[in-house]
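*Asks:* After the sequence you'll find the predicted model.
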Amino acid sequence: MPELSTRRGAGESAGRAVRVGLDVGGTKIDAVAVSPSGEIIGRLRRPTGWGDAAVVESIVLAVRALAAENAIAMTDIGSVGIGIPGLVDVESGRVLHAVNLGVESLDLAARAQAELGIPFRVENDVKAAALGAAVLRGATGSMAYLNLGTGVAAGIVIDGRIHRGSRGTAGEVGHISVDPRGRVCGCGQRGCIETLCGGGALAKAWGRPGALPVKDILEAADAGDADALRLRADLHHGGAAAVRVLVLSADVDTVIIGGGLTALGPRLEDGIRSALQADAETSPFMRSLHLDERIEMLPAGSPAAAFGAALVGAAVPEKEIVFHG
């Protein structure tokens, strides 16, 4: 695990060395405590609240519970980083339009810091996960993180730093339309990559009851169900399209795949790899890119998002973060 170091602020004591990272999702918070050497020394999951006050309260309770369960004094926590869906103003710590949390506009960093007296930083959840995945996997140079879950999103990390682009949307591939005659996306377009390989869109297209619709699709496809076969092909080709767009637009060395759909294991990874190989059969140019060799998949349950949030929290400001291999 890489060593994490930051320049200390004037008011930070040498003892406040533990960094906490929170991945705040629509239903749960994944929290980790990270030592100065970069080791995860504690982890827990707690439910997420709904609405501004409940979200702040659930974050505060998660930090306190993480500290209590791992015998960490609150005075030993030097920073807390939060990865959260929605639009994030990194400088102010304000979150906008986190619809799955009932948040329209929330000064999250300021409110949480007022509760605990610990410096907070906030980042978009996928960007935080991209940073965490890069460090956990030892990725060097350029890397894209492709999150396949209920939706589809991506982030890019170059030389250990999040690449945002001019308006913070660099790497976002979920709403690139690849089939103008395809299914209608929640964004209003047709045939977005998310309509092909997003878990929510696949569940809607499947339209049958079940707690794990994408898993059900794959099992039904194995049994020869025509609808399931079509949706399984969409899943694999949509994932391949996302990888292709990320490499062709940003020329990243590696695309690391994470998110809830990684629970599908080799059925997802092998399917995307096979789709990339099939797409390259008729194109010498695509074959030259070796896209099928440039993908990796995080193990299901990886702490990448929470770990990346801890790294974000430690970067006060972000430009002062240093990774030592």
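*Replies:* Thanks, I have the structure now.

*Asks:* correct me, but residue 299 touches residue 258?
*Replies:* No. Here residue 299 does not reach residue 258: they are 9.2 Å apart, not a contact under Cβ atoms under 8 Å. In short, each C-beta sits where N, CA and C put it, glycine included.

*Asks:* out of those two, which sits in the more crowded spot?
*Replies:* The residue with more neighbours, out of residue 299 and residue 258, is residue 258; 25 against 10, by other Cβ atoms under 10 Å.

*Asks:* give me phi/psi at the more buried one?
*Replies:* Taking degrees, to the nearest 10, you get phi -140, psi -170 for the backbone angles of residue 258.

*Asks:* One more: the one 4 residues further on?
*Replies:* Here is the backbone geometry of residue 262 (degrees, to the nearest 10): phi -70, psi -20.

*Asks:* For it, give me its contacts.
*Replies:* The contact partners of residue 262, taken as Cβ atoms under 8 Å, 6 or more residues apart in numbering, are 148, 268, 297, 298, 299, 300, 302.

*Asks:* does the third one really touch residue 254, like I thought?
*Replies:* No. Between residue 297 and residue 254 there is no contact, the gap being 11.2 Å when judged by Cβ under 8 Å.

*Asks:* so where do the helices sit in the stretch 51-200 of the chain?
*Replies:* Applying DSSP state H, counting those that start in this stretch to the stretch 51-200 of the chain gives helices spanning 52-69, 108-116, 125-136, 193-197, 199-206.

*Asks:* Make TSV out of those helices and add distance to residue 278.
*Replies:* Listed next are the helices of the stretch 51-200 of the chain as TSV, based on distance: least, Cβ to Cβ, whole Å:
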stretch	distance to residue 278
helix 52-69	44
helix 108-116	44
helix 125-136	26
helix 193-197	15
helix 199-206	20
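
*Asks:* Turn those into CSV, including mean pLDDT and mean neighbour count.
*Replies:* Converted to CSV, those look like this (pLDDT from 0 to 100; neighbours: other Cβ atoms under 10 Å):
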stretch, mean pLDDT, mean neighbour count
helix 52-69, 98, 19
helix 108-116, 98, 19
helix 125-136, 96, 28
helix 193-197, 97, 28
helix 199-206, 97, 19
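
*Asks:* out of those, nearest to residue 77?
*Replies:* When those are compared by Cβ to Cβ, helix 52-69 sits nearest residue 77, at 6.6 Å.

*Asks:* Compute the inter-axis angle for that closest one and helix 108-116.
*Replies:* 50 degrees (axes from the mean of the first three to the mean of the last three Cα atoms, to 10 degrees).

*Asks:* What lies in contact with helix 52-69?
*Replies:* Applying Cβ under 8 Å, 6+ apart, the contact partners of helix 52-69 are 20, 22, 24, 29, 31-33, 42-44, 46-49, 72-74, 77, 80, 82, 98, 101-103, 106, 108, 111-112, 115-116, 118.

*Asks:* now stretch 151-171
*Replies:* Stretch 151-171 has contacts (Cβ under 8 Å, 6+ apart) with 87, 123-124, 126-127, 129-131, 133-135, 139-147, 172-174, 193-194, 197-200, 238, 242, 246, 250, 252, 318, 321, 323.

*Asks:* gap between residue 236 and residue 289?
*Replies:* Residue 236 is 18 Å from residue 289, where distance means Cβ to Cβ, to the nearest Å.

*Asks:* which of the two has more neighbours?
*Replies:* For residue 236 and residue 289, the more surrounded residue by other Cβ under 10 Å is residue 236, and the numbers stand at 23 against 17.

*Asks:* correct me, but that one touches residue 276?
*Replies:* No. Judged on Cβ under 8 Å, residue 236 makes no contact with residue 276 at a distance of 9.1 Å.

*Asks:* which neighbours do the two share?
*Replies:* Common neighbours of residue 236 and residue 276 (Cβ under 8 Å, 6+ apart) do not exist.

*Asks:* quick one: what helix or strand has residue 238 in it?
*Replies:* helix 226-250 (DSSP states H and E).

*Asks:* That helix versus helix 199-206: what angle between them?
*Replies:* Angle of helix 226-250 versus helix 199-206, following the same axes, to 10 degrees, is 150 degrees.

*Asks:* Just the buried residues of helix 226-250, please?
*Replies:* 228, 231-232, 234-247, 250 (16 or more other Cβ atoms under 10 Å).

*Asks:* Tell me which residues touch the residue nearest to the spatial centre of the chain, please.
*Replies:* Taking Cα atoms, centre = their mean, the centroid of the chain lies closest to residue 126, which sits 3.2 Å from it. By Cβ under 8 Å, 6+ apart, residue 126 lies in contact with 83, 85, 145, 147, 153, 154, 155.
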